[in-house]
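>>> Take this sequence and fold it.
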Amino acid sequence: MSGGQVVPRPILGILALTGEVFLDTNILLYAALGMDDSPEKWMIARQILLEGKFATSGQVLAEFYSNAIRKGRRPLSKPEALNWVRQLAQKPCQAIDSQLVEQAIGFSDRYQVSYWDGAIIAAAERLGARLLFTEDLNHNQTYGTVTARNPFLS
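Below you'll find the model as predicted:
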């Protein structure tokens, strides 16, 4: 920052393309904060964003903002995090409604995962994503019509 002005960190590769892959919050956090904390994961997460074919949900954007302003060696400022949210929201972004909540509860019960992971699966499925990039679910396990993949595993 110079002269009290906030200069947002750039987001690479945010283009309005269709969402073929659904991104969980941790992927976005590595892309925003990982250069100092996890450089290898940062590079992979940034490459995923560069490819541009991804989707998110309102839940993911909210979790991203909440964590990006308080985690990592160098958290984002609130204006920086808001800039990320605005740019990410240009991609396919699933809103949370009562039907999605019910579907999330069903996934949570069926797969014995948290409600929040169930909501991620439900949002990904509703958007028609076949892959869910996440560290939080079992790698290569299919949940409904969505397969979880940890992009950081070699």
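>>> burial of residue 74, as a residue count?
Applying other CB atoms under 10 Å, we find 11 residues neighbouring residue 74. From N, CA and C alone the C-beta is placed, and that goes for glycine too.
>>> Over to residue 114?
Taking other CB under 10 Å as the criterion, the count of residues near residue 114 is 14.
>>> From here on, call the first residue 54.
Sure, I'll start counting at 54 from here, so that last one is residue 167.
>>> Local confidence estimate at it?
pLDDT for residue 167: 98.
>>> any idea how far it is from residue 193?
Note on residue 167: its distance to residue 193, by CB to CB, to the nearest Å, is 20 Å.
>>> again with residue 137
Distance, residue 137 to residue 193, using CB to CB: 29 Å.
>>> Helices along the protein, start to end?
Using DSSP state H, the helices of the chain run over 78-90, 92-104, 111-121, 131-141, 151-164, 168-180.
>>> okay, the angle between the last one and helix 151-164?
Taking axes from the mean of the first three to the mean of the last three CA atoms, to 10 degrees, helix 168-180 and helix 151-164 form an angle of 120 degrees between their directions.
>>> which outside residues touch stretch 119-129?
62, 78, 81-82, 85-87, 89-90, 130-131, 133-134, 137 (CB atoms under 8 Å, 6 or more residues apart in numbering).
>>> Who wins on neighbours among those residues?
Counting by other CB under 10 Å, top hit in the contacts of stretch 119-129: residue 81 with 28 neighbours.
>>> per-residue confidence for that residue?
At residue 81, the model reports a pLDDT of 97.
>>> ok, now which ones touch it?
By CB under 8 Å, 6+ apart, the contact set of residue 81 is 98, 109, 113, 117, 121, 137, 141.
>>> count of residues packed around the last one?
The criterion is other CB under 10 Å. On that basis, residue 141 has 23 neighbouring residues.
>>> Thought residue 117 was touching it, still the case?
Yes - in this structure residue 141 lies within contact range of residue 117 using CB atoms under 8 Å: 7.3 Å.
>>> Could you pull up phi and psi at the nearest residue to residue 187 once chain neighbours are set aside?
If the residues on either side of it in the chain are set aside, residue 187 comes closest to residue 77, at 3.6 Å by CB to CB, 6 or more residues apart in numbering. Dihedral angles of residue 77 (phi, psi; degrees, to the nearest 10) stand at phi -80, psi 160.
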